[in-house]
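> sequence plus the predicted model coming up.
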Amino acid sequence: MNFLKKIGEKLSKTHEKLISGINQILGRGVIDDEVWEELEMLLITADVGVKTTTELISRLKKRNLQSVDDLKPALIAEVASILSPFSAKLNTETRKPFVIMVIGVNGVGKTTTIAKLANYFINDSKKVVLGACDTFRAAASEQLEIWAQKAGVDIVKQAEGADPAAVAYDSLKAAIARSYDILIIDTAGRLHTKSNLMEELKKIKRVLKKELDIYPQETLLVLDATVGQNAISQVKTFKEAVDITGLVMTKLDGTAKGGILINVVKEFGIPVKFVGLGEKIDDLEPFDANAYAEGLFK
């Protein structure tokens with residue numbers, strides 16, 4: 001199934017909410033102030049955000065649309081235009097091992113996202129190893145090991161309570177020694193009110209950089225689309241602690257708030273690398289701005 005078809009199916013909750021509202025607007029026949037007000041409210045309730053919605057409406061008005069029939073394609077084009085500069089695929093060919101550090105709060109689907117990433121790279125004929133650096137949460141490494149087995153990849157782990165930075169370093173050394181293509185490092189589900197856990201993230205990055213300054217090449221923040229505007233505060237907190245190179249937006253299939261992705265991208269300018277579209281191990285797709293915009297509105 002291609003991404004356009006899959007995103008259209010998986011974004012059905014947000015799509016249905018937006019399309020039913022837009023179809024009501026289109027029924028008016030003419031574009032007037034009331035149409036703009038209703039469209040504005042519709043986008044805000046889909047968690048596109050006030051600031052981003054205001055910009056979208058302004059862009060649409062500048063198009064001097066002649067008919068309500070032109071509204072939907074214009075909206076798709078403008079959303080795609082906003083997202084396209086931040087639709088970036090991973091280039092893992094720069095150096096082996098390519099190191100990806102995955103961060104995020106508890107409950108966003110971080111562990112399953114790591115398994116899906118591993119599966120994605122395995123399907124791309126890459127040799128993958130996982131670093132189980134979440135030694136903070138009970139049984140976290142065991143959970144990751146179960147997913148590693150499902151994905152058919154190796155894992156480096158230590159006992160619960162071990163120093164996460166030490167596990168990260170051991171994982172990197174193993175990846176180098178055994179010629180892995182990809183190392184994916186799991187981290188504890190940061191409760192963003194706990195500054196000591198944020199400091200732990202920084203320590204992991206420092207340890208990796210001691211081996212090679214470019215490590216990790218990617219630091220991916222996993223966000224849960226169902227939390228809506230709370231995703232904004234999560235990005236702010238993590239961004240202050242570490243340099244985020246990309247986002248993974250999960251659970252887009254389970255929410256009517258799919259517009260939050262547009263809001264986050266516009267607010268922070270961080271590329272979206274992948275989107276999670278379900279619970280299966282292959283329900284992770286590289287982000288495509290045009291397909292996403294069409295999935296929302298077409």
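That came through, no problem.

> was I right to think Thr111 contacts Ala140?
Yes: between Thr111 and Ala140 there is a contact at 7.4 Å, judged by C-beta atoms under 8 Å. Just so you know, the C-beta spots here come from the backbone N, C-alpha and C atoms, and that holds for glycine as well.

> quickly list what's touching both of these two.
Asp134, Asp186 (C-beta atoms under 8 Å, 6 or more residues apart in numbering).

> per-residue pLDDT, Gly8?
pLDDT recorded at Gly8 is 63.

> wait, Ala139
79.

> for the closest residue to it other than its chain neighbours, which three-state class applies?
Spatial nearest neighbour of Ala139, chain neighbours left out: Glu160 (7.7 Å); criterion: C-beta to C-beta, 6 or more residues apart in numbering. Classification of Glu160 by DSSP: H, G, I helix; E, B strand; the rest coil places it in coil.

> what number of residues lie near Glu160?
14 (other C-beta atoms under 10 Å).

> residue contacts, it?
Thr135, Ala138, Ala139, Ala140, Ser141.

> would you mind measuring from Glu285 to Met249?
As judged by C-beta to C-beta, to the nearest Å, Glu285 and Met249 stand 11 Å apart.

> name the residue in these two with the higher neighbour count.
A count of neighbours by other C-beta under 10 Å puts Met249 above the other of Glu285 and Met249, at 27 against 22.

> can you pull up the bridge partners for Phe98?
On the basis of DSSP bridges, Phe98 is bridged to Ile182.

> to clarify, my last question referred to Ser87.
Val272.

> wait, it sits on Phe287?
Yes: contact criterion C-beta under 8 Å: Ser87 and Phe287 qualify, at 5.3 Å.

> and for the two, which residues touch both?
What both Ser87 and Phe287 touch, as defined by C-beta under 8 Å, 6+ apart, is the set Pro271, Val272.

> and those two? which has more neighbours close in?
Phe287 (24 against 18).

> quick one, phi/psi of the more buried one?
Note on Phe287: its backbone torsions stand at phi -70, psi 140 [degrees, to the nearest 10].

> just Leu277 next, same as before
The phi/psi pair for Leu277 (degrees, to the nearest 10) is phi -120, psi 20.

> what does Pro216 give?
phi -80, psi 150.

> how far away is it from Lys210?
Distance from Pro216 to Lys210, by C-beta to C-beta: 12 Å.

> where in the stretch 101-250 of the chain is pLDDT low?
Along the stretch 101-250 of the chain, the parts satisfying pLDDT under 70 run over 190-194.

> wait, Ala88 touches Ile270, no?
No: using C-beta under 8 Å, Ala88 is not in contact with Ile270; the gap is 9.7 Å.

> so which helix or strand takes in Asn141?
In this structure residue 141 is Ser, not Asn. helix 140-151 (DSSP states H and E).

> how about the strands in the stretch 1-150 of the chain?
Taking DSSP state E, counting those that start in this stretch as the test, the strands found in the stretch 1-150 of the chain are 98-103, 128-132.

> next SSE downstream of the lengthiest helix in the chain?
In the chain, with assignment by DSSP state H, the single longest helix is helix 195-211. As assigned by DSSP H and E, the chain's next helix or strand after helix 195-211 is strand 218-224.

> packing partners for that following strand?
For strand 218-224, the packing partners by 3 or more C-beta pairs under 8 Å, 6 or more residues apart in numbering; DSSP states H and E come out as strand 98-103, helix 230-241, strand 246-250, strand 272-276.

> now with 7 Å?
Here strand 218-224 touches strand 98-103, helix 230-241, strand 246-250, going by 3 or more C-beta pairs under 7 Å, 6 or more residues apart in numbering; DSSP states H and E.

> I am finished for the moment; much appreciated.
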